[in-house]
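S.K.: here is the input, now give the coordinates:
(chains A, B, C, D, E and F)
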Amino acid sequence: MINLAIDLAFILEKLVLIAVIIVISLLVALYTTFGERKVAGYIQDRYGPNRAGPGGIFQPFADGIKLFMKEDVIPSSSNRFLFILGPGIAMTMAMLTSAVIPWGNEITIAGRTISLQIADINIGILYVFGVVSMGVYGIMIGGWASNNKFSLLAALRGASQMISYELAMGLSIIALLMLTGSLSLKTIVDQQSTGWWNFFYQPLGFLIFLICAFAECNRTPFDLPEAESELNQGYHQEYSSMKLGFYLFAEYVNMFISSALMSTLYFGGYDIPFVNDASMGQSIGTNWLAVLQAVSLFAKVGFFLFFFMWVRWTIPRFRYDQLMKLGWKGLIPLALFNMVITGLIVLIKENGWPF
Amino acid sequence: MQTLTNRAKPVDRRPMTVLEKLYLPAIAKGMGITLKHFFKKKVTIQYPEEKRPFSPVFRGLHILNRDEEGRERCTACGLCAVACPAEAITMEAAERMEGEENLYREEKYAAKYEINMLRCIFCGLCEEACPKDAIYLSETFAPANFKREGFIYGKNDLLIPDPKKEPEQYQKALGSRVKKS
Amino acid sequence: MPINSYIFVAIALFSIGVIGVLTRRNAIIIFMCIELMLNAVNLLLVAFSKMHLADAANPALKVATNGADGQLFVFFIMVVAAAEVTVGLAIIVMMYRNTHSVDVNFLNRLKN
Amino acid sequence: MVPVLLILIPLITGAALFAIRQEAMAKSIALLASLVSLAVMLAGMSVWNDAAHLTYNQSWIGALNSRFHFALDGMSQLLCLLTTLSFPIIFYSTWNNQYPDHNRFLGLMLLSQAGLLGVFMSMDAMLFYFFWELALIPLYFLSSRWGGEKRIQVTIKFFVYTFLGSLFMLIGLIMLYFKAGGSFAWADFVKLNMAPREEMAIFLMLALAFAIKMPLFPFHTWQPDTYEQSPTPVTMILSAIMAKMGIFGLLRWLAPVVPAATYQWGDNFATLAVVGMLYASFIAMRQDDLKKLVAYSSIAHIGLMILAVFAPSYSGLQGVMIQMFNHGINILGMWIVVNVIEQKFGTRKISELGGLAQKAPVLTILLVIVALANIAMPLTNAFIGEFMMFNGVLGSTATNFGVAYAVAGIITIILGAVYTLKMIQKVFYGETNALTANATDISFNVQLSLAIIVVAILLIGLFPNPMLSLTSDLSEQILGRMNLK
Amino acid sequence: MSITQILFWFLTVMAIGSALMVITSRNPVYSVLFLIATFFAISGHYILLNAQFLAIVNLIVYAGAIMVLFLFVIMLMNLNTETEPQKNKWLKFAGTIAGGCLLLVMVAALRDADTKTTTALMKEGDIGLVQNLGKTLFKEYVVPFEISSVLFLSAMVGAVVLGKKD
Amino acid sequence: MNAIILSAILGVVLMFSGIFVSNKVMLKNIAIAGMVLLLAVNIIEMNGFRVFDVNTRNMLQFNRFGLLFNSIAFAATLLYFLLSARDITRVGINVAEYFALIFFILCGVALVSSFNSLLMLFLGIEIISIPLYILTGSDKRNLKSNEAALKYFLMGTFSTGIMLMGIALIYGAKGSFSLDTIAATINQGRDAWFYAGLLLLLISMAFKVSVAPFHFWTPDVYDGAPTVFTSFMATIVKAAVFIGLVRLFDIIFATSGTDWKLMVAVLTAATLLVGNITAIFQQSVKRMLAYSSIAQAGFMMFALFSINSYSKEGIILYALGYSLATVGIFAVLVKMKDYTFEGFNGLARTQPVLAATTTVFLLSLAGIPLTIGFFAKYFMLASAVKSGSHLWLVFFAILMAVVSVYYYFRVIQSMYFKEGAAETEPVSSGFRWLLIGVAAVIILLGIFPNMVLQYLYF
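M.R.: Numbers count the residues shown, from 1 in each chain, chains lettered A, B, ... in the order given. Below is the predicted model of the structure:
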């Protein structure tokens, strides 16, 4: 006798939320590819894709269809199972992170208060880290399973890069956590909506986090794993069709999530700037407020996405030793320093040192 | 050493200052540059809709010209083939038969006239060599084909439309470069 | 869940690790099996810690501990495991550089 | 005072000798040191003969309640006298021997002297054990370094045997220590009353150590080989003094400490002793090698003493005491002769020698006296001892087989006479051969040494009483502990 | 069967099954991947026991860092081809028997009658949360925490000593 | 606590001095100076003065026993540095790191000698083990060293796993890692878990101190490791783990009945048997010493077997004697060109001082009186006699001690009684004097062991 004593509506609500968020992140990712090309064009004094649909609006679908229609080649000497598993892991892990990000405050539908967050667990940030650290496997397995030394080298490079920068990222976050005192992203956002954004307390931490986010997403200037000029096409050299698409897509999903994370951690998340959210909610109703908040969040995310692209078309790629040097000798000490300083200040503040 | 252009900039080999080692100002500068370009006027020409004016000396694909009555000018004298440095031109001459006066201007004409566009270097020497103003380099460009044979243009590829029957297309094919005779 | 279930799971995992250590020849896999053993221990410790917490809730047993130290021990085990892995893999790589093999049965050169 | 001097003189001189490279100098110093210790010993027996001078008692290992406790009671005096007397004689009689690194040789000899003296004087079990080993180690090095062909195997066997024995003894002593409530003092040990089982265990462990040292059949297998392979001066120490350590152990640390077990196991050990005596005698008769012959004869004589200890009576014990001294001296004389022969002719084979009497009359005369003493002719010292022992064994109330033992003992004596005299006859009488044709008589140092021994033999043979009176207290005490008085 | 039990047995089967695959897989890369799966299952157990912190740390440390290093080494050593030579069959057999015996003996020994009713708290009890663990760690366990830094230092020095080229 | 903190700091100092100091002699001197400081600070703590007063929440407990052992371990390490530091600098290029690792090990030693919580035991053992794996493999080009490191590492971590299982079960039974709590609640329910845990803990510790039948890694590892580090490993580290084991036994086992005695006795006997019998057949002195260290471990097991005041004094003395002698022998061994017995032939002629001092060391190891080795063995045997049960073990130990004489004396025979010209590396006169000093200390302590033992009673 199975006793499923669970609120069915709760499950339903969460399922819907999950579906919505997945669809949104996929859509965003989809249009990020388009945006990337557009931004690249604009920065290079071009227009970018503008033929498919008005202003090129259907370009991502065209790309998608192209990827789907291409011949799906699995090299005969590759490890078939892992070859397929690799992009799957990459994609899954990219999607999983969105579970703990609060996309907006509560909305009320039919008397039920629904939080616009899939799971408000009290180890939110750690969860993010756990999932991010899993992301390495997608790259490694894919690169290794291709049975191609270039892929393998690129995969190992990518993996070591991600591991190295994860450290600095974690350390920079720790400084933030000292201030907030909570790992829950929701709490962090709530704190920011009443006070200053964390960016103003932690500018150095944010900078480190930003750089690490670039590295984690394998974005230029840290796109060593897919350095065309050195390693052919990087770890997904043997991939084609939608499996390649998954890898490319995962990158954009990662970008999206890390942008959302940065907004959440340092820029107030769904907090609408210069406005007292609570009083605004009373005037226009919480549902509308939630929508506005989501928009605000997406605006911030959009800015970061743009920033990602902007940097990509500005800064050239690192050499590998420079990359490692920056990570280990530059960022980690810096993050430690930041952490110590923050700890000191927190200590002084808690002990009521008058200044 | 005196530089020739005075634009050469000697490499600065001073050790970097702390600020420079941070790279952040340099990055910000670079970002500024790219952002500036973001808002610049785009130089792209939306090609099929919009075309760039050709230069007066542009040399495109060849055409075999006709006179104003629509007769072929070429007499198959072979001077163009001789002049061609790439040896891209071959021709076969033939005698004009009775009743073909409206087709060929003179008694002799080119029964076969082929230019291998893969060899042609578009130097225009054929044009200068032609005593009859029969061959011109037009403004047409970007030939495309799936096979190499397709690039060996025969007479029907080269001859321009009849000015009397299709005057508009004739003008279009003629382009702006042809000396108006 | 009854604590016995956890004990059995942990011991099963532990034994599988032991079997792996005894039967495999690849040094890396042996090492992995050792990690498996450590994880079995971790699971057991966490289960015990919650068991002690349950005991503490029962006033009849008069247990002073709340079980948090068990979970902290797990934390320390992870710390140590991480340190061990760095050293261990460094040794394995060093070995591989010299012999191009990680077969532990090559290790009987020392016998003579 | 006296004990400390007795130990420190050889110890320091011995250690110092390692630094003195000149051979003659080293020899002189060694001889001088041994003479000085003899003088101290004699002084201790005469002018300083009081408790304050003869005992030394200082704290040593506090954690173990073990003390530096030396005392020179009668038996100790006897044996220390033997030791201090023997060493100058050994040094002097082997004055002409040549060894590589002679100074170290002499140094180790002196170290072993210190060990031996310590053994005889210790009244603390831990101290006793210490010196027991200290006496052993230099001898190991001496034999291993300067011995014969097979020295390495033989000496390690010797060492392992004795070490095994001493470790058993150590366990026995540890058990006694705990029984005595955490004390190593002999005085505490002899007050103990233990359960028979415990006593038996301790008895067996201690007895094993002493049996190996003496040596008692069947633990004797190391002995002939070692005697043969060792350089003769070392053999002298081994047989003249070292073997007495075992008997001394029996008398000091075994019989008074675990009297009941000694009484109980006496017959068994006595039987072993008898078997060993007969066995050694028969083997000695067949020996061609002088050293081995003397070695086996030593086993036989020692066996007799063991017999007397395990079939105790007042007379027997007194006999043992005096015989320890006598045997030491006599066997020393024998060894000196063997050494002379070996040094002179480079061989020890009886069959290769002959007719020495013509060439070396002084040696012959002295040797004959020593040999007669060795076979216990009346008027010699050994007669006193052996007679008392036979008397004791026959009259012992501790055993039912006194007569049988005595008969066996007498057979041994007869056999001893046979092989000793045969040896003398073969070596000294008969025709000279190529080897002995050019022999000369012994040098002055050997003459003097042998003369001293002969004088001692005759002196004790005529006036044993001063010696006997030294040990009567102890004998009484042993018998008292065994309820045999 | 409650949902907790279902999850428990599911995770258990997953953990033990993957663990078995770890030792039976011939390809080391598969072993690593199955080990990761085992770690996931164990993390699941932690979550069931409401030890959230450990669950995530387990993922980050073991699955995210340690196993990546393993994969690294395996991939760099190119052990994907089946290079592990066959061990003596009897030895393998003996090893298995020994391990099985260990299992049996321990299960028999630990199947204590008086613990049959003892249970571990599921889904409740907040000692496993970061806050509480952190407080205990930095109050009660500060000394071992600091001492473990020595361990890391030595491991770091070791990696330098062993890894640096002469 | 002084020693723990200072040794960790010194390790870090050495680590950094590797960056700033390139002169090997200078590094050596820094290490020696640090060692002197460490020893001094520990002795200060023995006299009741704590430089660092840290509240350890009763996870560490500093009693005389542990502190005295620390002093001995540090003194032995100092000696080891003085004798062999130059050879350490020759192992490879990471000289400063080797010294740093040794200081880290000493931190672990200090932990193990004063733990009062199983967590601290675990950490201490690991802090000892991990640097040792590294030191074993520090001769990177040498295949033997590599293999030894790998073997040691796999065995070590395997035993760590077992140990953790044991600790987990003990925790399950008692709900605490504190030895005090465990000792206070012995025989209060869940015994099956507790005893299973203790058994596993014992097995793993047996692994670490190479007690038969868990010894099989020892000879290979000791043989394969660079000889200077073998010296450290076989002496100070081994003794330290034994001290830890004694603490554990003292607090837990001593109060939980005597059922385990037979088991420990069997382990002891097996260790003695395996170590001694196998040592006889070795051709290399280094391997012989490896097996002899197993045999010596067998003797140290007596301290566990008969846990009483005697055994605690004895294990201190044993640690001291064993460390001094073995450090000395290894210091000589490192100087030898040939590690076989034949390589020692005639050493007495070419290097009389080395031969003489080695003889003293060997005599001490064999437990001949007048050396501290005798008292070490004496205390072990006496403690077993005192405990009263399983006397057969004592006799067995005697037999084995006699067997050990055989192989120790083989070296002496080679040096003194056999012809040959043993070759050594050049030996400085300072080294000779130091060896003489060590030998003198061994003999001095062999005559007056009270000089050490008195520190236990204040």
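S.K.: please make it C-alpha for all contacts and neighbour counts, starting now.
M.R.: OK.
S.K.: show me the strands in chain E, by range?
M.R.: Counting by DSSP state E, chain E has no strands at all.
S.K.: do you know the pLDDT at the most centrally placed residue in it?
M.R.: Geometric centre of chain E, nearest residue: residue E:39, 5.7 Å, by CA atoms, centre = their mean. The model reports residue E:39 with a pLDDT of 93.
S.K.: for residue C:64, same thing?
M.R.: Per the predicted model, pLDDT is 62 at residue C:64.
S.K.: host element of the spatially most central residue of chain C?
M.R.: Closest residue to the average C-alpha location of chain C: residue C:38 at 0.8 Å, with CA atoms, centre = their mean. Per DSSP states H and E: residue C:38 is located in helix C:27-57.
S.K.: that helix - what's its average pLDDT?
M.R.: Per-residue pLDDT over helix C:27-57 has a mean of 89.
S.K.: from chain B, how far off is the closest residue to residue D:439 other than its chain neighbours?
M.R.: Excluding the flanking residues, the one nearest residue D:439 by CA to CA, 6 or more residues apart in numbering or on different chains is residue D:359, at 5.8 Å. Distance, residue D:359 to chain B, by CA to the nearest CA, to the nearest Å: 106 Å.
S.K.: ditto for residue D:122
M.R.: Separation of residue D:122 from chain B (CA to the nearest CA) stands at 83 Å.
S.K.: for the closest residue to that residue other than its chain neighbours, name its beta-bridge partners.
M.R.: The shortest distance from residue D:122 to any non-neighbouring residue, by CA to CA, 6+ apart, is to residue D:70 (4.6 Å). Beta-bridge partners of residue D:70, counted by DSSP bridges, are residue D:56, residue D:122.
S.K.: could I get the contacting residues of residue D:70?
M.R.: Residue D:70 sits next to D:3, D:54, D:55, D:56, D:57, D:118, D:121, D:122, D:123, D:124 when contact means CA atoms under 8 Å, 6 or more residues apart in numbering or on different chains.
S.K.: ok so, going back, C-terminal to the helix holding residue C:38, what's the next element?
M.R.: Counting by DSSP H and E, the next helix or strand C-terminal to helix C:27-57 is helix C:68-99.
S.K.: how big is the angle separating that next one from helix C:27-57?
M.R.: 180 degrees (axes from the mean of the first three to the mean of the last three CA atoms, to 10 degrees).
S.K.: hmm, helix C:68-99 in reach of chain F?
M.R.: Yes: contact of helix C:68-99 with chain F (CA under 8 Å from any CA of the partner chain) involves C:69-70, C:73, C:80, C:84, C:87-88, C:91-92, C:94-95, C:98-99.
S.K.: the residues you listed, buried ones only, as a ChimeraX selection?
M.R.: Those of those that count as buried under 16 or more other CA atoms under 10 Å in any protein chain shown are selected in ChimeraX with:
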select /C:69,70,73,80,84,87,88,91,92,94,95
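S.K.: pipe the residues of helix C:68-99 next to chain F into TSV and attach distance to residue B:122 and pLDDT per row.
M.R.: Formatted as TSV, those follow (distance: CA to CA, whole Å; pLDDT from 0 to 100):
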residue	distance to residue B:122	pLDDT
C:69	87	86
C:70	86	89
C:73	83	92
C:80	76	91
C:84	73	91
C:87	70	92
C:88	70	92
C:91	68	90
C:92	67	89
C:94	65	87
C:95	67	85
C:98	64	83
C:99	65	79
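S.K.: distance to residue D:285 for the residues of helix C:68-99 next to chain F - can I get that in a markdown table?
M.R.: Formatted as a markdown table, the residues of helix C:68-99 next to chain F follow (distance: CA to CA, whole Å):
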| residue | distance to residue D:285 |
| --- | --- |
| C:69 | 83 |
| C:70 | 82 |
| C:73 | 80 |
| C:80 | 76 |
| C:84 | 74 |
| C:87 | 73 |
| C:88 | 72 |
| C:91 | 71 |
| C:92 | 71 |
| C:94 | 72 |
| C:95 | 69 |
| C:98 | 70 |
| C:99 | 69 |
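S.K.: rewinding a little: what two of the contacts of residue D:70 are the furthest from one another?
M.R.: Greatest spatial distance in the contacts of residue D:70: D:54 and D:124, 15.0 Å, computed using CA to CA.
S.K.: what about these two, which has more around it?
M.R.: residue D:124 (24 against 21; other CA atoms under 10 Å in any protein chain shown).
S.K.: can you name the residue of chain F nearest chain A?
M.R.: Proximity of chain F to chain A (CA to the nearest CA) peaks at residue F:19, 15.7 Å away.
S.K.: what's the burial count for the closest residue to chain B within chain C?
M.R.: Across chain C, the shortest distance to chain B (CA to the nearest CA) belongs to residue C:86, at 31.7 Å. Counted with other CA under 10 Å, residues neighbouring residue C:86 total 19.
S.K.: repeat that for residue A:297.
M.R.: A count of nearby residues for residue A:297, using other CA under 10 Å, gives 25.
S.K.: so it, which state does it fall into?
M.R.: When classified by DSSP: H, G, I helix; E, B strand; the rest coil, residue A:297 comes out as helix.
S.K.: thought it was touching residue A:266?
M.R.: No: at 11.8 Å, residue A:297 does not count as touching residue A:266 under the criterion of CA atoms under 8 Å.
S.K.: my read is that residue A:313 contacts residue A:40, right?
M.R.: Yes: counting by CA under 8 Å, residue A:313 does reach residue A:40; the two are 6.4 Å apart.
S.K.: list the buried residues in the helix or strand of chain E with the lowest mean pLDDT.
M.R.: Sorting the helices and strands of chain E by mean pLDDT, DSSP states H and E puts helix E:89-110 at the bottom, at a mean of 83. By neighbour count on 16+ other CA under 10 Å, the buried set for helix E:89-110 is E:92, E:95, E:96, E:98, E:99, E:100, E:102, E:103, E:106, E:107, E:110.
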